[in-house]
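Asker: I'd like to go over a predicted model; first the sequence, then the structure.
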Amino acid sequence: MSGTTPMPGGALSAQAIAARARKAAIGSFVGAIVDWYDFVLYGLVAAIVFNVQFFPSSDPRVGTLAAFATFGVGFLFRPLGGILFGHYGDKFGRKTMLVITVTVMGIASACIGLLPTYASIGWYAPLMLVILRIIQGIAVGGEWGGAALLAVESAPVGKKAFYASGVQMGYGVALVLTTGIMLILSKSLSNAAFMSWGWRLPFIFSILLVLVALWIRLSMAESPEFIEKVGAHGERQVKAPVLVALRDHPKAFLVIIAMRAIELCSMYIVTTFALAYSVSNLHMSRDLFLNITLVVGAVSCVTIPIFAAGADRFGLKRVYLTGAIIGLLATYPFFWAMEAGSVVWMVVLAVVLANIAHDMVNSVQQPLFTSFFGTEIRYSGASVGYQVGSVIFGGFTPFIATALLGINGTWHPVAAYMAGACLLSVVVGWCTKMQHE
């Protein structure tokens, strides 16, 4: 008999349960790659292309600020995606929402690759870019909650962090894909060709990734916990899940937002702000931080599942706090290394911030944040808290960091901002009771 054959009485065999858990983990992982590929790609291109092609200005910093502002717009609309997809995901299931999010994201990204520039159609170009970025934000806003829940709710007891780690590993794989493609194009094309049409190719390529993700996600089963608590067709659904979550668990939203501060600031300072800062202010090669980002993404594919397995064994709180404290301690040394132009120390400290600090706190988020809410309101509650944190500490971090440079022309205010975010996460993480401490 096949591993998916039900046992007498309708119960699934142990092999079938394990197979369903693996398929849910793989489906969440592959879909996360697609969504984060498109989202991260925008950040990389914004730093080196959009500021020139869509926001021309006599002052390069103004163009960079405008490009990073559109980067932040995607994050601004992520809570709307969390509310929208969370609402229907809590009513009718996780699987359908995940099929929709990956499709919408892929189409929006391909359209960015086909957009005419400011030189061709004037201000219509940045307007359409912003609209497509908003669509991206809504799609990715609904992605994390569904992918995390499907993986966590399908995972075996005692292995929930590990099985759900693919959701965050997807970000690392996306970094490798986007940065690798950008490096290949940067090295194989002249600067004129890259700025004219080469940057478009990675966006159009996302359509192929979407087709693979759809093939896998359409074959996944619905979350068994959702079927048990809510029903296969939402027979026992909550009328307004996001409102119930806000009413019954207001503290959980604030905790999620604060605990994401270190994760978001560390990653976007290292991979997005540092790319623009090193090129524009320190006159370093564009390829340097693209290579650093490539290393960070590749290493995270190993570190995240290792830290997740460690969290399952030793406790979510120990792993989280260790990572948050490391991030706090490594902040100023990272900026010192950039100012000194030390490539070796920049690489080492980028890995410390992005692959130790970031990945440790990141690896516990799926089982931790989803545990704050009941099954009937979990998609809405976890998604909205997660995405509001993305707005506050994620999307506008490159913009805020670039603006802070204007205070006195040095990196010190930026480092203080990042250190403050890390300290907030340390304090809230210390005071928060977590399962499996």
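Answerer: Received the coordinates, thanks. Residues are numbered from 1 along each chain as shown.

Asker: who does the helix or strand containing Ala308 touch, helix- and strand-wise?
Answerer: Element membership of Ala308, judged by DSSP states H and E, is helix 286-314. Helices and strands touching helix 286-314, as assessed by 3 or more Cβ pairs under 8 Å, 6 or more residues apart in numbering; DSSP states H and E, comprise helix 160-188, helix 274-280, helix 316-340, helix 343-351, helix 358-362. Bear in mind the C-beta positions are built from the backbone N, C-alpha and C, glycine included.

Asker: any idea how far the third one is from the chain center?
Answerer: Okay, so that is helix 316-340. 19 Å (Cα atoms, centre = their mean, to the nearest Å).

Asker: got the buried residues for it?
Answerer: Within helix 316-340, the residues scored as buried using 16 or more other Cβ atoms under 10 Å are 316-328, 330-332, 334-335, 337-338.

Asker: Same check on the first one?
Answerer: Within helix 160-188, the residues that qualify as buried are 160-183, 185-186, counting by 16+ other Cβ under 10 Å.

Asker: With the shortest one instead?
Answerer: For helix 358-362, a neighbour-count test (16+ other Cβ under 10 Å) marks His358, Asp359, Met360, Val361, Asn362 as buried.

Asker: Quick one: mean pLDDT over that helix.
Answerer: The pLDDT scores in helix 358-362 average 94.

Asker: Helix or strand next in line after that helix, which one?
Answerer: Next along from helix 358-362, by DSSP H and E: helix 365-370.

Asker: Who are the packing partners of that next one?
Answerer: Of the remaining helices and strands, those touching helix 365-370 by 3+ Cβ pairs under 8 Å, 6+ apart are helix 124-154, helix 160-188, helix 250-259, helix 316-340, helix 378-390.

Asker: And the contacts of the helix or strand of the chain with the lowest mean pLDDT?
Answerer: Here the helix or strand of the chain ranked lowest by mean pLDDT, DSSP states H and E is helix 60-76, holding a mean of 72. Around helix 60-76, the neighbours that count as contacts under Cβ atoms under 8 Å, 6 or more residues apart in numbering are 39, 42-43, 46-47, 50-52, 54-57, 126, 129-130, 133-134, 136-137, 140, 272, 276, 280, 387, 390-391, 394-396, 398-399, 402-403, 405-406.

Asker: Could you report the pLDDT at Leu211?
Answerer: The model's pLDDT for Leu211 equals 90.

Asker: Remind me which helix or strand it belongs to.
Answerer: Applying DSSP H and E as the criterion places Leu211 in helix 200-217.

Asker: Next, give phi and psi for Ser285.
Answerer: Main-chain torsions, Ser285, degrees, to the nearest 10: phi -70, psi 140.

Asker: Just give me the neighbour total for it.
Answerer: 12 (other Cβ atoms under 10 Å).

Asker: Give me the neighbour count for Val388.
Answerer: Count around Val388 with other Cβ under 10 Å applied: 20.

Asker: in what helix or strand does Gly43 lie?
Answerer: Using DSSP H and E, Gly43 maps to helix 14-45.

Asker: so what does the helix or strand just after that helix touch, helix or strand wise?
Answerer: Next along the chain after helix 14-45, taking DSSP H and E as the criterion, comes helix 51-53. In this structure, helix 51-53 packs against helix 60-76, with contacts taken as 3+ Cβ pairs under 8 Å, 6+ apart.

Asker: so for whatever helix or strand comes next after the helix it packs on, what's the average pLDDT?
Answerer: Next along the chain after helix 60-76, taking DSSP H and E as the criterion, comes helix 78-92. Averaged across helix 78-92, the pLDDT comes to 89.

Asker: I'd like the buried residues of helix 358-362 as TSV, with distance to Cys422 appended.
Answerer: Output for the buried residues of helix 358-362, formatted as TSV (distance: Cβ to Cβ, whole Å):
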residue	distance to Cys422
His358	10
Asp359	14
Met360	12
Val361	10
Asn362	14
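
Asker: ok, of those, which one's closest to Ser109?
Answerer: Lowest distance from Ser109 to these (Cβ to Cβ) belongs to Asn362, with 23.1 Å.

Asker: what's the neighbour count on the nearest residue to Trp144 once chain neighbours are set aside?
Answerer: Spatial nearest neighbour of Trp144, chain neighbours left out: Tyr386 (5.7 Å); criterion: Cβ to Cβ, 6 or more residues apart in numbering. If you count neighbours by other Cβ under 10 Å, Tyr386 ends up with 26.

Asker: Tyr386 reaches Leu368, doesn't it?
Answerer: No - at 10.8 Å, Tyr386 does not count as touching Leu368 under the criterion of Cβ atoms under 8 Å.

Asker: thinking again about what came up before, so which bits of the helix holding Ala308 are buried?
Answerer: 286, 288-301, 303-305, 307-312.

Asker: And stretch 352-359, by the same measure?
Answerer: Counting neighbours by 16+ other Cβ under 10 Å, one finds that the buried residues in stretch 352-359 are Val352, Leu353, Ala354, Asn355, Ile356, Ala357, His358, Asp359.

Asker: repeat for stretch 407-416
Answerer: Residues Trp411, Pro413, Val414, Ala415 are the ones in stretch 407-416 that count as buried (16+ other Cβ under 10 Å).

Asker: is it true that the first one touches Ala337?
Answerer: Think Trp411. No - the pair Trp411 / Ala337 is not scored as a contact, 10.9 Å apart, by Cβ under 8 Å.
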